[in-house]
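*Asks:* quick check, what structure comes out for this input:
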Amino acid sequence: MARNHAVVIGSGIGGLTAAVALHRSGWQVTVLERAESLEPVGAAISLAPNSQRALDVIGLGDAVRSLAAWQGEGGMRSPSGRWLSRTDSAAAAARFGGELVLLHRATLIGLLRAELPASALRTGTPAELVGPGSAGGRRAVVRTPSGDIEADLVVGADGIRSGVRGTLFPRHPGPSYAGFTTWRAVVPGLGRPFAPHESWGRGSLWGTHPLKDGRVYAYAGAVTPAGGGAADDEKAELLRRFGDWHDPIPAIIAGMEPDGILRHDVHHMADPLPSFHRGRAVLVGDAAHAMAPMLGQGGNQAIEDGIVLAHHVAPGGDLGEGLAAYSAARLPRTSGVVRKSAQVARLVAWTSAPAVALRDGLVSTVTRLGPGLVLRTLDGIADWRPPQRTYAAEPEREPKTRT
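*Replies:* A predicted model of the protein is given here:
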């Protein structure tokens, strides 16, 4: 009897996590990627304890934890360098059951793709969902340049501008501009220690964190009209905006290669979808719940999605019930994270001097009352645990892809 066939459209973190989890639970999986290669585009990603526990389900949690760089004491600062709040990674680990792990997206993509048979990955293959099928009847249909593919399950992991989402929910407005843009880069180490920090200014922020390999992950955000961008040099733009901020920010910018700076307008799903599935098709990651990056949870929630999806759609089970259970589990949770991320984004977006002074004063006061109060922002998020599931014995695998 043929194995149940799942087609995953998109090879980002959410799509690959779903593919690995489905593969381990007994599905035949095909991942379709529009790009000609799986070389990931991006800088670093922060994996909180919630996504690390999700990765434990597919045997990758410890591999990720081994890549953690000790963050020590850090916190939130003003552009002048004044500490507004201090936190310690040990306190966060005690509260949420693990440390935050920062690693390059390429590393995580490599870990995930190595868990799939080589034949499961098809690059240079744009795909379109032309029919979601029905959970109890006809199969879904995915159109590719080489022909249509019928599937028992289609996973839309095709990002913020998801074509799968548009097919499933054509009347939904989709993500809207969140009001600011971001920059990200990974740069060589400074050759000296520094305290990891996120610094908030007037309608802008900057973050600097070490990676285990000695490099530094830096990110920035600023309130700006959509569709902007420095036509010639994003490094010059960062210098203009952040060059007079506290040490080590000017040195970090100086170490950036202009072509290594990523700039993206931020869009989020201000209006939640009515569901994450229809027929035999289901959404994960940004396709389902794009969010502002202020809590660092976008990739984490995508990882959760993939694990929870595989938990609910075991081969041979009732697919309709499984997809409904997935939507019921993920829609309220991710909508809450989207809202909380937007709330923090609104605080960062304050530009008037009196409002910013009030905000900074409140942060300092809260910290003096108790450092744990700042960590409460992630209560109910970073302490999440995946549903328990014992996977069936895996069939003999084909040769894995190289990392």
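*Asks:* number of nearby residues for residue 117?
*Replies:* 15 (other CB atoms under 10 Å). Just so you know, the C-beta spots here come from the backbone N, C-alpha and C atoms, and that holds for glycine as well.
*Asks:* go on, residue 137?
*Replies:* 9.
*Asks:* how far away is residue 287 from residue 355?
*Replies:* For residue 287, the distance to residue 355 equals 35 Å [CB to CB, to the nearest Å].
*Asks:* who has more neighbours, these two?
*Replies:* residue 287 (33 against 13).
*Asks:* secondary structure element holding the more buried one?
*Replies:* Using DSSP states H and E, residue 287 falls within helix 286-289.
*Asks:* swap in residue 63?
*Replies:* Going by DSSP H and E, residue 63 is part of helix 61-65.
*Asks:* and stretch 149-158, what's buried?
*Replies:* 149, 151, 152, 153, 154, 155, 156, 157, 158 (16 or more other CB atoms under 10 Å).
*Asks:* show me the helices in the stretch 51-200 of the chain, by range?
*Replies:* Residue ranges of the helices in the stretch 51-200 of the chain, as given by DSSP state H, counting those that start in this stretch, are 61-65, 89-96, 105-113, 163-168.
*Asks:* include mean pLDDT when you put those into JSON lines, please.
*Replies:* JSON lines is the format used below for the helices of the stretch 51-200 of the chain (pLDDT from 0 to 100):
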{"stretch": "helix 61-65", "mean pLDDT": "95"}
{"stretch": "helix 89-96", "mean pLDDT": "85"}
{"stretch": "helix 105-113", "mean pLDDT": "94"}
{"stretch": "helix 163-168", "mean pLDDT": "98"}
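*Asks:* out of those helices, which comes closest to residue 256?
*Replies:* Proximity to residue 256 (CB to CB) singles out helix 105-113 among the helices of the stretch 51-200 of the chain, at 17.4 Å.
*Asks:* neighbouring contacts of the closest one?
*Replies:* 11-13, 16-17, 19-20, 38-40, 42-45, 47, 60, 63-64, 67, 121, 299, 401, 403 (CB atoms under 8 Å, 6 or more residues apart in numbering).
*Asks:* just stretch 228-248 next, same as before
*Replies:* So stretch 228-248 is contacted by 77-81, 181, 183, 190, 194, 199, 201, 204, 206, 208, 220, 222, 249-250, 253, 256, 258, 261, 263, 265 (CB under 8 Å, 6+ apart).
*Asks:* now do the end-to-end distance for it.
*Replies:* 27 Å (CA to CA, to the nearest Å).
*Asks:* kindly report the same for stretch 264-280.
*Replies:* Using CA to CA, the two ends of stretch 264-280 sit 32 Å apart.
*Asks:* now do stretch 256-272
*Replies:* Note: stretch 256-272 ends 37 Å apart using CA to CA.
*Asks:* residue 366 versus residue 375, what's the distance?
*Replies:* 11 Å.
*Asks:* same question but for residue 164, I mixed them up
*Replies:* Residue 164 is 41 Å from residue 366, by CB to CB.
*Asks:* who's more crowded, the two?
*Replies:* residue 164 (27 against 15).
*Asks:* which residues touch the more buried one?
*Replies:* 9, 129, 154, 156, 158, 281, 283, 287.
*Asks:* right, and the last one touches residue 156 too?
*Replies:* Yep, that's residue 287 we're talking about. Yes. Residue 287 lies in contact with residue 156 (CB atoms under 8 Å); the separation is 4.9 Å.
*Asks:* okay, and the common contacts of these two?
*Replies:* 10, 162, 164, 165.
*Asks:* circling back: weed out the non-buried ones from the contacts of stretch 228-248.
*Replies:* 77-79, 181, 183, 190, 194, 199, 201, 204, 206, 208, 220, 222, 249, 253, 256, 261, 263, 265.
*Asks:* of the residues you listed, which belong to strands?
*Replies:* With strands taken from DSSP state E, the overlap with these comprises 77, 181, 183, 199, 204, 206, 208, 220, 222, 263, 265.
*Asks:* look up how far residue 360 lies from the first one.
*Replies:* By that I understand residue 77. Taken as CB to CB, the span from residue 77 to residue 360 is 10 Å.
*Asks:* pLDDT below threshold where in the stretch 201-350 of the chain?
*Replies:* 229-232 (pLDDT under 70).
*Asks:* now do the helices in it.
*Replies:* 234-242, 249-254, 286-289, 298-312, 319-348.
*Asks:* and residue 33, which of these is closest to it?
*Replies:* The nearest among the helices of the stretch 201-350 of the chain, by CB to CB, is helix 286-289 at 14.1 Å.
*Asks:* one step back: which other residues reach the helix holding residue 287?
*Replies:* 10, 12, 14, 156-160, 162, 164-165, 175, 269, 272-273, 276, 298, 301-302, 305, 330, 334-335, 337-338.
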